[in-house]
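# quick one, structure for this:
(2 chains)
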Amino acid sequence: MRVRTRVMSAVTAGGALLALSGCGAADMSKQASPYANAEGAKTVTLSVQSWVGAQADVAVAEYLLKNELDYRVDKVQIDEVPAWDALSQGRVDAIMEDWGHPDQEQRYVKDKKTIVPGGDVGVTGHIGWYVPTYFAKKHPDVTDWKNLNKYADQFKTSESGSKGQLMDGSPSYVTNDKALVQNLDLDYQVVFAGSEAAQITQIEQFAKQKKPFLTYWYKPQWLFEKVPMTEVKLPAYKEGCDADPAKIKCAYPHTPLQKYFNADFAKNGGKAAEFLKNFTWSEEDQNEVSLMIADKKMSPDDAAKAWIDKNESKWKAWLPK
Amino acid sequence: MATATASSPVRDTGIGALLRHRAVGKLLLLALAAAILVPIANAKWASGAWPDALTVDLTEPLAKTTDWIIDNRDSHPLFIYFLGHVSNAIVLSVRGVYLVLLAAGWAGVTIGAGLVAWRVAGVKLAVLASSAFAVCGLLGMWVPTMQTLALMIVAVLASVVIGLLLGLAGGLNDRMFRILRPVLDTMQVLPAYAYLLPFALVFGMGVPAAIIATVVYAAPPMARLTALGLRGADGGVMEAVTSLGATGRQRLFSARLPLARKELLLGLNQTIMMALSMAVIASVIGAGGLGDRVYQALSTVDVGQALAAGIPIVLLAVVLDRVTGAAGERTGAHAESTSPLRGWRGWSVAAVATVVAALAARFADRVDWPTGWVVNIAPSVNTGKEWMVDHIYTGVPVVGGTADWAANFTTWFLNPLRDGLQGLPWWSVLLVVAALAWLIGTWQTALTAVAAMAAIGVLGVWDKSLDTLAQVLAGVAVTLVLGFAIGIAASRSKRFESLLRPVLDVFQTMPQFVYLIPVVALFGIGRAPAVAAAVVYALPAVVRITTQGLSQVDAAAMESTRSLGATSWQQLRKVQLPLARPALMLALNQGVVLVLAVVVIGGLVGGGALGYDVVFGIAQGDLATGLVAGAAIVCLGLMLDRVTQPTTRRGHSVKKGA
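Numbering: from 1, shown residues only, chains lettered A, B, ... in the order given. Below you'll find the model as predicted:
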């Protein structure tokens, strides 16, 4: 008997849940995080990308949202493409730093109109191939791609076998490196570190021993402060030269980084939305915060505070009037 | 089993000869088949690589499926009238539990957990439970811990309900049982990473997809053990109950389920452990909580921070494991206690005390964990890691540094193994698989294994899969060597074993993300650190099974050899190891399965091959790459499982129950 009442109550509870979720049509485009707005606090959910620059953006935004505007901030780390999907469903409210995803933009901003652009971050991103500066100084001609084959031997590792190693990073990064190596006839093997953390750790190890290496890397990035690196010149980028992924023979473009908001949040997000729209800062600002987080191992919150204490005039301008 | 032990030594030679004979026969048959089929295959597709004509490209249809889901998610009835409700219900339940936990505050949760542990498992575990939660607070992880706990409670409840239903079906119906077994097998071998993305697309990023993925992974042990418990019900009792005129349902609720209580609790225990191990993986699609903290720390290469978030996961696992384990041991040992606090009285005392604690904290305005009570362990951990890396990475006299080991391991072991496997003609790989699987099992096992391997070729990832296979084989080899050595040592010294136990606990439950960075720092990027991470993960299980297998060897047999003057080494070699063979085989099988489970994670540190493809699939929202690689891992797992798991001839285990 008792078992039956328990089963009954479970069924009732399940039914009640369904009823609560609004019988009839469920709206898949309005799915806030279950942790949002708990205990009557207003919450903003920000997506954090895996690189430290994006973490710096989020850290400063979070600190100001919390302390100046009285919001609670939930952070979720997801890779870029899934983050766009989460943004369109309202599971996150904003992406603070996007490196250009034309397919996603077409789909969600232009076609479905569930995401709206949030303006520039103020930082320009650039992807390229880098060698450590200590190596470039000794062998100045390594900085032109035409001479790379000469050095392939020195870039060999156990992982790349008989070829030189070109280290690539996280699978979420935009990369044409495999095609580039092939189309430019380079005697290199692309080895994927698999995550930015693994790549940074490996670069730091190489630098400690002053070993030569060739890596895919990007600016702005705090690691340059610790391990100075020099870019290798690839054939110049021209508009449209990267249109066909299989035939690419040119360098990566310079991309002004963008913010994106969930359309609903942009409209009804009140002060938080307005503040995030106003948020722009320079590369130096971002690097300063990034370095504190990643190298000095300060908590993002402390790092943000340190920057905020010094730059009142900058962030005051972002606050909604 | 029964027939094997009953047979006398005289008959044993007969069976042995027969067995040998049978093995030869199997091989001859295979050779015959090969002699006919190989020339045909060779004539048609001359090169040794998997023939292009036999592959199916799934890129196009899978990409179309993704587009269809995204375009129809907001409008198609399937979503708005069914799947949408499922994910909304999940979000609401998690939110409900989370709000309750927040309302209880740290005082309510800490004391409540202690009291629950006290009621089901005694005072010692109550102290453990409460202090574990306090440590979570001390580490500054209170809120993420509560988020993970809310996620866990909902996921475990759902897994248990679904597992129970499946188990009931399988336990009461023979045909269901047969259908269910391969389904459950697949659910467990499937790398969670591979199905995170499709679930996230269908049910929405974050919590809903995470919960459903967790249920897929964690429900099978509950289902298996429920079915096992129900089938194992004592025939005599069942007959007695039937003769008393009980209806089917009464029989189930009054006799069969209570008799299976032990198995049910073990199932619950297993389900909880597996659900917790998903908590971190699910953070990749934004499930939040502790997993997310580990993952975020990983991206700043902050081992200390990752550890601070990993410890609460270990603590939750240890507490839940011990408490459910103790509850399992207590049932059956009937309550002889006459204390005034037994039964519902004890529970009401616990409930009242919890509410009082929660309210007290609320009135004292101390609902949140006080920020002053946080200990930051990250800096010292990071200093420790730096020191380690600086001193043993390279150039250590005589033994060489860890980086040199890794390079040598890659050059002299992994590379030849991979190149060798990839250089073999495809049909010879199938033949070897068939021979191995047939020798150890039945012709059905062999067929499954070959089919699984062939499916990999058809999916068009033959070379990558052999690369992965090479890593798995290398990982298993290292794991077995270390695992057997440590296991033998532990079985010979009680003190070593008890020292080892907490270490094994930690390594078994610590999220793999936490030790990825130290592994890279020590071994560089590439396949070597991926193998190292896999070894760390698989070692505890192998050590445990080996120790247990060796310790359980018949004491009389050990005693008699000792009296015959055998040395300890002879004893081990001639008595213990042969007698513990089934346990060692199980250790091998578990080693293979667990190493394979880390292959995906290895993709994050440069393991490449299938693991990288799966990670790539999630990162780029590319269903085609991710799912195909995931399916190939499943096939590899299936093949390896069949090749390493001796199958008892059918009809043995199915007889009981009904």
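# shaky segments in the chain?
Picked chain A for this. Chain A contains residues with pLDDT under 70 at A:1-32, A:37-41.
# that was the other one, I meant chain B.
If you take pLDDT under 70 as the line, chain B has these spans: B:1-21, B:46-48, B:189, B:331-342, B:647-658.
# going along the chain, name the strands of it.
When assigned using DSSP state E, chain B turns out to have no strands.
# what's the domain layout of it?
The record's domain split for chain B, according to the TED database, is B:76-331+B:344-375, B:426-644.
# next up, phi/psi of residue B:525, please.
Note on residue B:525: backbone dihedrals following degrees, to the nearest 10 are phi -90, psi 160.
# any idea how far it is from residue A:279?
Separation of residue B:525 from residue A:279 (Cβ to Cβ, to the nearest Å): 35 Å. No exception for glycine: its C-beta is placed from N, CA and C like everyone else's.
# which of these two has more neighbours?
residue B:525 (31 against 23; other Cβ atoms under 10 Å in any protein chain shown).
# what does the stretch 101-250 of chain A put close to chain B?
Proximity of the stretch 101-250 of chain A to chain B, by Cβ under 8 Å from any Cβ of the partner chain, involves residues A:107, A:112, A:157-159, A:161, A:167, A:170-172, A:191-202, A:205, A:208-209.
# switch the cut-off to 7 Å
Residues of the stretch 101-250 of chain A found near chain B (Cβ under 7 Å from any Cβ of the partner chain) are A:158-159, A:161, A:170-172, A:191-198, A:200-202, A:205, A:209.
# list only those of those flagged as buried.
A:158-159, A:170-172, A:191-198, A:200-202, A:205 (16 or more other Cβ atoms under 10 Å in any protein chain shown).
# so how many other residues sit close to the residue of chain B found nearest chain A?
Relative to chain A, the nearest point of chain B is residue B:84 (2.8 Å; Cβ to the nearest Cβ). Neighbourhood size, residue B:84 [other Cβ under 10 Å]: 27.
# one more: residue B:571?
18.
# then residue A:128?
18.
# got the phi and psi for the spatially most central residue of chain A?
The residue lying closest to the centre of chain A (Cα atoms, centre = their mean) is residue A:49, at 3.6 Å. Torsion angles at residue A:49 (phi, psi; degrees, to the nearest 10) stand at phi -80, psi 170.
# which residues touch it?
For residue A:49, the contacting residues are A:80, A:97, by Cβ atoms under 7 Å, 6 or more residues apart in numbering or on different chains.
# secondary structure element holding residue A:243?
Secondary-structure assignment from DSSP states H and E places residue A:243 in no helical or strand segment.
# number of residues surrounding the nearest residue to residue B:181 once chain neighbours are set aside?
In this structure, residue B:181 finds its nearest non-sequential neighbour in residue B:170, 7.9 Å apart by Cβ to Cβ, 6 or more residues apart in numbering or on different chains. When neighbours are defined as other Cβ under 10 Å, residue B:170 has 26 of them.
# likewise for the one 4 residues further on?
A total of 14 residues lie near residue B:174 under the criterion other Cβ under 10 Å.
# what does the stretch 151-300 of chain B have sitting close to chain A?
Within reach of chain A by Cβ under 7 Å from any Cβ, the stretch 151-300 of chain B has these residues: B:200, B:204-207, B:253, B:285-286, B:288, B:292, B:295-296, B:298-300.
# ok, now with 10 Å
B:151, B:154, B:157, B:161, B:196-197, B:200-209, B:211, B:249, B:252-254, B:257, B:283-289, B:291-300 (Cβ under 10 Å from any Cβ of the partner chain).
# how about the contacts made by the nearest residue to residue B:639 once chain neighbours are set aside?
The shortest distance from residue B:639 to any non-neighbouring residue, by Cβ to Cβ, 6+ apart, is to residue B:452 (4.3 Å). Contact analysis of residue B:452 by Cβ atoms under 10 Å, 6 or more residues apart in numbering or on different chains lists B:433, B:437, B:632, B:634-643.
# can you pull the contacts of residue A:143?
A:129, A:130, A:131, A:133, A:135, A:136, A:230, A:231, A:232, A:233.
# residue A:258 should be in a helix, yeah?
No. Assignment of residue A:258 by DSSP: H, G, I helix; E, B strand; the rest coil gives strand, placing it outside any helix.
# quick one, phi psi at the closest residue to it other than its chain neighbours?
Leaving out its chain neighbours, the residue that sits closest to residue A:258 by Cβ to Cβ, 6+ apart is residue A:98, at 4.8 Å. Phi and psi for residue A:98, reported as degrees, to the nearest 10, are phi -110, psi 140.
# correct me, but residue A:98 touches residue A:104?
Yes. The pair residue A:98 / residue A:104 is scored as a contact, 8.6 Å apart, by Cβ atoms under 10 Å.
# which one's more surrounded, those two?
Per other Cβ under 10 Å, whichever of residue A:98 and residue A:104 has more neighbours is residue A:98, with 24 against 20.
# which residues does the more buried one contact?
Residue A:98 neighbours (Cβ under 10 Å, 6+ apart): A:47, A:49, A:54, A:80, A:83-84, A:87, A:104-105, A:117-118, A:121, A:125, A:255, A:257-260.
# just the buried members of the residues you listed?
Buried among these (16+ other Cβ under 10 Å): A:47, A:49, A:54, A:80, A:83-84, A:87, A:104-105, A:118, A:121, A:125, A:255, A:257-260.
# looking at those residues, which are in strands?
Taking DSSP E as the definition of strands, the buried ones among the contacts of residue A:98 contribute A:47, A:118, A:121, A:125, A:255, A:257, A:258, A:259, A:260.
# mind listing the residues bridging to the fourth one?
Read it as residue A:125. Counting by DSSP bridges, residue A:125 forms beta bridges with residue A:255.
# what segments of the stretch 151-300 of chain A are strands?
Ranges of strands within the stretch 151-300 of chain A are A:164-168, A:188-192, A:214-219, A:229-232, A:254-262, based on DSSP state E, counting those that start in this stretch.
# count of neighbours near residue 110?
Using chain A here. 9.
# look at chain B instead
Neighbours of residue B:110 under the rule other Cβ under 10 Å: 24.
# mind listing what residue B:498 touches?
Residue B:498 makes contacts with residue B:490, as judged by Cβ under 10 Å, 6+ apart.
# from residue B:547, how far out is it?
11 Å.
# what residues are shared contacts of those two?
residue B:490.
# coming back round to it: are any of the residues of the stretch 151-300 of chain B next to chain A buried, and which?
Buried among these by 16+ other Cβ under 10 Å: B:151, B:154, B:196-197, B:200-209, B:211, B:252-253, B:257, B:283-289, B:291-300.
# let's see which of these end up in helices.
Among these, DSSP state H puts B:151, B:154, B:196-197, B:200-203, B:207-209, B:211, B:257, B:289, B:291-299 in helices.
# dump the residue contacts of residue 170.
You didn't say which chain, so I picked chain A. Counting by Cβ under 10 Å, 6+ apart, residue A:170 touches A:49-51, A:79-80, A:192-199, B:299, B:604, B:615-616, B:619.
# was after chain B, sorry
B:176-181, B:183-184, B:223-224, B:226-228, B:230-231, B:657.
# if any of these are buried, put those into a PyMOL selection.
Only the buried entries of the contacts of residue B:170 go into this PyMOL selection, using 16+ other Cβ under 10 Å:
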select buried, chain B and resi 176+177+180+184+223+224+226+227+228+230+231+657
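# which two in the contacts of residue B:170 are spaced the farthest apart?
Taking every pair in the contacts of residue B:170 and measuring Cβ to Cβ, the maximum separation is 19.0 Å, between B:183 and B:657.
# can you tell me which residues in the stretch 401-550 of chain B are near chain A?
B:403-404, B:406-412, B:414-415, B:419, B:513, B:516-530.
# which residue packs closest to residue 269, ignoring adjacent ones?
In the absence of a named chain, chain A is used. Nearest to residue A:269 is residue A:93, by Cβ to Cβ, 6+ apart, at 6.5 Å.
# try chain B instead
Excluding its sequence neighbours, the residue lying closest to residue B:269 (Cβ to Cβ, 6+ apart) is residue B:324, at 4.1 Å.
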